[in-house]
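Novice: Predicted coordinates and the sequence they were generated for:
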Amino acid sequence: MVDLRASRVEVFLKRIALFFTRAGRKLTPFQVSSSCAPVCGGVRTAILLLAVLVLVAPLRLRAETLELESDQTLFCVMAAINAAGYDEGADLPDNNPLRKQVRDYLASQQISVLPALKLYYRHHMQKTGVQDLSQYISFALSANGAPDFAWKVRDVDIPPDAMALDDFRSLLIDFYHQANLEELWKKVRPAYEKEIVRYGAPIRNLTGAVDAYLRASVTDYPSRHFRAVVELLMAPQLVQTRNYGDDTYVIISPAAQPLLYDIRHAYLFSLIDPIMLSDRAPLKLKQSLLDLMGNAPLPDEYKTDFVLLCSQSLTKAVEARLDKDTNAIDRATSQGYIMTPFFAEQLPGFENQPQNMRFYVETMINAIDLKAETVRLSAIKFDGAPLVRKARTVVIPGPELSPAGKTLEKAESLYVDRNLSPDNQQNAKALFGKALEQKGEPAEHAQAWYGLARIALVENHADVAIEGFQKTLESSPDDFTRGWGNVYLGRLYKSKHDFTQAMKYYQDALAVNGASDKAKQAARSELQEISKNQEKQTQ
């Protein structure tokens, strides 16, 4: 997993009681979209959330860690359907070579459940390959991992397309054991890690540009998570998005160039939607504009939920602004996002004042003139059908990497591939050392120490690793690196039976707000293990 911390924007604000009211606004545990469907479609289930934050001190806004990762459960599901008949795009040149390697390996195995799995797959085929794939992605994101693949949530909260595959689980369990997917996953992980490193810088630039423009961050809504998942066994050139409650998932398939447009759209929406929800009350006064939706080619929830419609309209207006594409405003409007022209007119005013979008959105909402908008929208001619397109690439402006940053990218790539060549590890070590001597941000130098410490750990030089991780923590690392640096130090001191120091570092890891979920899980689990062992010794 790679931490994709975006650019920071220093602002000074005074926060007074901020109420996020979702009464009457439905936010489903299952909203689905792909590059061929509007983002965040689906039925919405009512949730009432009230949060009051009172802060009067100066505040540094920063983006929450955006997790770019692979997912073992999704890999298992994709391996199963590739063996069972998912051939969409199998001959396209943009496929990752791993897809053919896995398909060939599975075809050579004696897997007794395969005939039943193939029959099941045929019986559940949809009209298009994208729809076919979509239901299995929903299943994978709704299920816990191997070996039982049980549902993560209550039956009533499971997405309908995933629940329709409920009896797929028993076949998947048999396939997992018979194809020895546990061992196969260990062998293919380096290929996933390499792809994750390739996406790191482009998505880091993407989130930096978005956060800088909005002057807002998902840390304003700490319960929300944004996860980008790389899956190499999918057909190429696809991006699928899921919004499950407060979690946004973006599933990315192989592509010669990273497909960033839909990733950015999902990220923008994940920031803008809670902002709109916080101003639901004044928006409700404007919802008579929904009567002008007419035959717009949008799902019904957009025609009944003005907050959702405004969230998507503002997202599209910001995209048009970032891309300097005024035609995008007309395209969005003719698709039914009727508030896009209004928000596009308001954005220059936002850009020329100091507030972030969380606070300025109320100014825009209050500026909605029902009479003027009725006149404007009455002249719209809607498209006859939803816009269907493949995910497209855009150039995301972002800061030029420092010399240290460029060296670190090469070093990380070699470190991930250290098992593929005997020289990779030593070359990575040399580059991490070189980055320390180059011009760069403190967090980049911390990343260099972190790389050297991990290599020392691989080389079984525990004392050198401890020194490296300590220097990492002293060098102003980002929260992802700080979290894992503390976890590694906890493990090293635990191996030396210095449990007091180990517990201190595990507790420090848990105290890092932006630490990854996996780092916190590791710290929590290992703390509990130490506590249990100490309890046994005192008995």
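Specialist: Looks like it arrived, so ask away.

Novice: Report the buried residues of stretch 267-281.
Specialist: Neighbour-count burial for stretch 267-281, with 16 or more other C-beta atoms under 10 Å as criterion, is recorded at 267-280. From N, CA and C alone the C-beta is placed, and that goes for glycine too.

Novice: want to throw the residues you listed into a markdown table with pLDDT, secondary structure and distance to Ser378?
Specialist: Below are the buried residues of stretch 267-281 laid out as a markdown table (pLDDT from 0 to 100; DSSP: H, G, I helix; E, B strand; the rest coil; distance: C-beta to C-beta, whole Å):
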| residue | pLDDT | secondary structure | distance to Ser378 |
| --- | --- | --- | --- |
| Tyr267 | 91 | helix | 34 |
| Leu268 | 92 | helix | 29 |
| Phe269 | 91 | helix | 28 |
| Ser270 | 88 | helix | 33 |
| Leu271 | 90 | helix | 31 |
| Ile272 | 92 | helix | 26 |
| Asp273 | 89 | helix | 27 |
| Pro274 | 87 | helix | 31 |
| Ile275 | 89 | helix | 28 |
| Met276 | 91 | helix | 24 |
| Leu277 | 87 | helix | 28 |
| Ser278 | 85 | helix | 30 |
| Asp279 | 84 | coil | 26 |
| Arg280 | 85 | helix | 26 |
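
Novice: Looking at these, which one is closest to Gln438?
Specialist: Gln438 has its nearest neighbour among the buried residues of stretch 267-281 in Tyr267, at 29.9 Å by C-beta to C-beta.

Novice: Who are the contact partners of that closest one?
Specialist: Contacts for Tyr267 (C-beta atoms under 8 Å, 6 or more residues apart in numbering) come out as Leu66, Leu206, Thr207, Val210, Phe226, Thr248, Val250.

Novice: quick one: the longest helix belonging to the chain to chain centroid distance?
Specialist: Looking across the chain with DSSP state H, the single longest helix is helix 181-214. Distance of helix 181-214 from the chain centroid (C-alpha atoms, centre = their mean, to the nearest Å) equals 10 Å.

Novice: Which other helices and strands does that helix contact?
Specialist: Where contact means 3 or more C-beta pairs under 8 Å, 6 or more residues apart in numbering; DSSP states H and E, helix 181-214 is packed against strand 2-3, strand 67-69, helix 72-84, helix 97-107, strand 225-230, helix 261-278, helix 306-323, helix 403-416.

Novice: what would those look like in TSV with distance to Ser288?
Specialist: Shown next, in TSV, are the helices and strands packed on helix 181-214 (distance: least, C-beta to C-beta, whole Å):
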stretch	distance to Ser288
strand 2-3	45
strand 67-69	41
helix 72-84	43
helix 97-107	51
strand 225-230	33
helix 261-278	17
helix 306-323	9
helix 403-416	51
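
Novice: Mind pulling up the pLDDT for Ala456?
Specialist: Per-residue confidence (pLDDT) for Ala456: 92.

Novice: looking at it, it is touching Thr472, isn't it?
Specialist: No - Ala456 is beyond contact range of Thr472, at 11.5 Å (criterion: C-beta atoms under 8 Å).

Novice: Which one of the two is surrounded by more residues?
Specialist: Applying other C-beta atoms under 10 Å to Ala456 and Thr472 shows that Thr472 carries more neighbours, namely 27 against 19.

Novice: My read is that that one contacts Gly451, right?
Specialist: No - if you go by C-beta under 8 Å, Thr472 and Gly451 don't touch, sitting 9.1 Å apart.

Novice: Could you break the protein into its assigned domains?
Specialist: 2-68+203-378, 71-191, 403-538 (automatic domain parsing).

Novice: could those domains go into a markdown table alongside distance to Val197?
Specialist: Putting the domains of the chain into a markdown table (distance: least, C-beta to C-beta, whole Å) gives the following:
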| stretch | distance to Val197 |
| --- | --- |
| domain 2-68+203-378 | 7 |
| domain 71-191 | 11 |
| domain 403-538 | 5 |
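
Novice: Least confident of those, on average?
Specialist: Of all these, domain 2-68+203-378 has the smallest average pLDDT, which comes to a mean of 75.

Novice: Can you check the distance spanned by stretch 284-291, start to finish?
Specialist: Taking C-alpha to C-alpha, to the nearest Å, stretch 284-291 runs 13 Å from one end to the other.

Novice: List the buried residues in it.
Specialist: Across stretch 284-291, burial judged by 16+ other C-beta under 10 Å covers Lys286, Leu289.

Novice: swap in stretch 146-166?
Specialist: Result for stretch 146-166 [16+ other C-beta under 10 Å]: buried residues Ala146, Phe149, Trp151, Asp157, Ile158, Pro159, Asp161, Ala162, Met163, Leu165.

Novice: Go ahead and confirm the second one touches Ile173.
Specialist: Yes - Phe149 is in contact with Ile173 according to C-beta under 8 Å; the separation is 6.2 Å.
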